[in-house]
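Trainee: the sequence and its predicted three-dimensional model are supplied below.
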Amino acid sequence: MSIHPTAIVDARARIAESAEIGPYCIVGADVEIGARSRLMANNYLEGPTWIGEDNVFFPFSTVGVASQDLKYKGERAETRIGDRNRIREFVTIHRGTAGGGLVTSIGNDNLLMVESHVAHDVRIGDHVIVGNAVGIAGHVTIEDWVDISPYSGVHQFCRIGRHAFLGPYSVVKQDVMPFSLTSPKPELAVFGANSIGLERRGFPKSTIEALQTAIRLLTRAQLNTTQAVERIRAEVPACEEVEQLLEFIRSSERGVIK
């Protein structure tokens, strides 16, 4: 393995032979780093932390450190990061707490841009983009293919549904509907389906149109949520994505942004 002579690596860390630890990195005990993952320089990692393959950590990222939650009392908690993630400069990722399942997890193929923060017990799926200086509070769930624009903040316990696009400077206090385009105007509101993102990812036109109609009924038809759902079931062609949208709304505990 390639470990720079200025790096400090605890003897209890487990580093794959093809991994690379750059100058002035500090890797603590119970940190596992998978094949071909690279710490560029000045990275700080505490365990227990599991990191998969082909990840790149840019300088000054901090991973697996104790939560800022004042209820955290030092219980053994974990950080888990999948494969092919890009963790940019000054990103902070905090480990879990007893109040949230003891794990913070990040999936595969994600990009966390400069100065973004992932708090305790956050769950991030796959193919997620977290913009510059985005703050993600504790217990947040971010599903696959979400794009969060820079300088946004996400309140504790909120969910952001799959394929959602969140505009810059958003302040998220409720759940963000999947497949939606949500942005401040100046109050945070839904502008329709994330049509461009869905088209780029190969969704058929019929599915995008069905989602667009469903989301407009939820947000523009001057109906309450129950009435809108009834109209959707009666008028919108059935498809898996519309069902996922309705299930997300049904299971929301904080309510959804409309």
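Mentor: Noted; the coordinates are in hand. Residues are numbered from 1 along each chain as shown.
Trainee: the one residue sitting closest to the centre of the chain bridge partners, please.
Mentor: Taking Cα atoms, centre = their mean, the centroid of the chain lies closest to Ile124, which sits 3.5 Å from it. Counting by DSSP bridges, Ile124 is bridged to Ile106, Ile142.
Trainee: for this protein, what's the longest helix?
Mentor: helix 205-219 (DSSP state H).
Trainee: mind giving me the packing neighbours of that one?
Mentor: Here helix 205-219 touches strand 188-193, helix 195-200, helix 225-235, helix 240-251, going by 3 or more Cβ pairs under 8 Å, 6 or more residues apart in numbering; DSSP states H and E. All C-beta spots, glycine's among them, are computed from the backbone N, C-alpha and C.
Trainee: export those to CSV and tack on mean neighbour count, mean pLDDT and distance to Ile215?
Mentor: Output for these, formatted as CSV (neighbours: other Cβ atoms under 10 Å; pLDDT from 0 to 100; distance: least, Cβ to Cβ, whole Å):
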stretch, mean neighbour count, mean pLDDT, distance to Ile215
strand 188-193, 19, 94, 5
helix 195-200, 15, 96, 10
helix 225-235, 14, 94, 9
helix 240-251, 16, 96, 7
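Trainee: can you redo the ones you listed as TSV with distance to Leu211?
Mentor: Below are the helices and strands packed on helix 205-219 laid out as TSV (distance: least, Cβ to Cβ, whole Å):
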stretch	distance to Leu211
strand 188-193	4
helix 195-200	7
helix 225-235	10
helix 240-251	6
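Trainee: so which of these gets nearest Ser105?
Mentor: helix 240-251 (19.6 Å; Cβ to Cβ).
Trainee: show me what contacts the residue nearest to the centre of the chain?
Mentor: Ser105, Ile106, Gly107, Asn110, Val118, Val130, Ile142 (Cβ atoms under 8 Å, 6 or more residues apart in numbering).
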